[in-house]
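> Kindly return the folded structure for what I paste below:
(one chain, ligands or ions: 1)
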Amino acid sequence: MLEGRVAVITGGTRGIGLETVRLFKEQKAEVILFGSKADSVEKAVNELASVGMEVKGYYPNLNNMEEIDKTIKEIISEYGHIDILVNNAGISANRKIEDTTSEDFSKIMDLNVNAIFNMTKAVVPYMKEQGSGVILNTSSMVSIYGQPSGCGYPASKFAVNGLTKSFARELASSNIRVNAVAPGVTRTDMIANLPEEQLAPIVKTIPLGRIGEPRDIANAFLFLASDMASYITGVVLSVDGAARS
Ligand code: NAD
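A predicted model of the protein is given here:
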């Protein structure tokens, strides 16, 4: 479904991002993964190489425009084009407001929101020049109804939806589609610390009766990245077993 396409995936070293890297490789894309540091990027690249999946890895600071521009330029000079950008890197929060500093709040915004702006700003000129592109963002089910603690996380994901819908409208005339996937609770490191007794009541609230697997989310990214979604832009696709309701 992605033969000949070049995809850059942030937060590609584990969880949802790594599974999306795997699926895009299975579908014959060239994939470049971004992570936060050298060792986790090296680990992911080696793990993929051990199953015959060659990918390149980078770890630019996603809040430093110069570093991002330099990395994107390197990718363009090696691959010639970037067809798909998946803005997936993200961190969560669960502390009450009394225990959250304004620095904590800014840290979430920096990665979950500002980094999406920065990455999008860096790739859009190339996508415009080539006359097409797909930008996908990872939102969350909490972007629909908030959550009872860790306010910065849902606030950042509401902003992700805002960027998604606004970029979709702004970039449609350049044939660049922009969509988001809003996962429900998904089995990754982000929820790895939840003990079974906390997870079980969460599962009870999910009509489909289970939490999501990274592949469930990657499948949605694949559909939205592919030509099967050629008339879809500005959408936030919930992949959450109907947990949102
Ligand atoms: P994860 O913790 O397994 O992976 C996070 C990824 O983000 C890693 O690849 C990491 O390298 C990258 N990252 C973290 N800090 C970074 C930084 N400062 N700079 C650059 N990269 C950084 O988490 P995940 O569950 O796979 O989350 C991926 C996305 O899915 C996030 O945007 C998250 O908000 C969203 N999401 C997750 C769930 C869930 O239940 N797991 C639910 C809804 C949305």
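> going forward, measure contacts between C-alpha atoms and count neighbours the same way
Noted.
> ok, residue 214 - contacts?
Applying C-alpha atoms under 8 Å, 6 or more residues apart in numbering, we find residue 214 in contact with 15-16, 19-20, 186-188.
> how about 10 Å then?
By C-alpha atoms under 10 Å, 6 or more residues apart in numbering, the contact list for residue 214 reads 14-20, 183, 185-188.
> which ones among these are found in helices?
Per DSSP state H, helices hold the following members of those: 15-20.
> Export the contacts of residue 214 as a markdown table, with columns for pLDDT, distance to the ligand and neighbour count.
Output for these, formatted as a markdown table (pLDDT from 0 to 100; distance: C-alpha to the nearest ligand atom, whole Å; neighbours: other C-alpha atoms under 10 Å):
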| residue | pLDDT | distance to the ligand | neighbour count |
| --- | --- | --- | --- |
| 14 | 97 | 5 | 19 |
| 15 | 98 | 3 | 18 |
| 16 | 98 | 4 | 26 |
| 17 | 98 | 6 | 28 |
| 18 | 98 | 7 | 25 |
| 19 | 98 | 9 | 20 |
| 20 | 99 | 10 | 27 |
| 183 | 97 | 4 | 28 |
| 185 | 94 | 4 | 24 |
| 186 | 96 | 4 | 21 |
| 187 | 95 | 6 | 15 |
| 188 | 94 | 5 | 15 |
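> what residue ranges in this structure are flagged as low confidence?
Along the chain, segments meeting pLDDT under 70 span 245.
> Get me the contact residues on the protein for the ligand.
With C-alpha under 6 Å from any ligand atom as the criterion, the chain meets the ligand at residues 11-17, 35-36, 62, 88-92, 138-140, 183-191.
> Direction included, what does the longest strand along the chain pair against?
Scanning the chain for the longest strand, with DSSP state E as the assignment, gives strand 176-183. Strand 176-183 sits in its sheet next to strand 133-138 (parallel), strand 236-239 (parallel), going by DSSP bridges.
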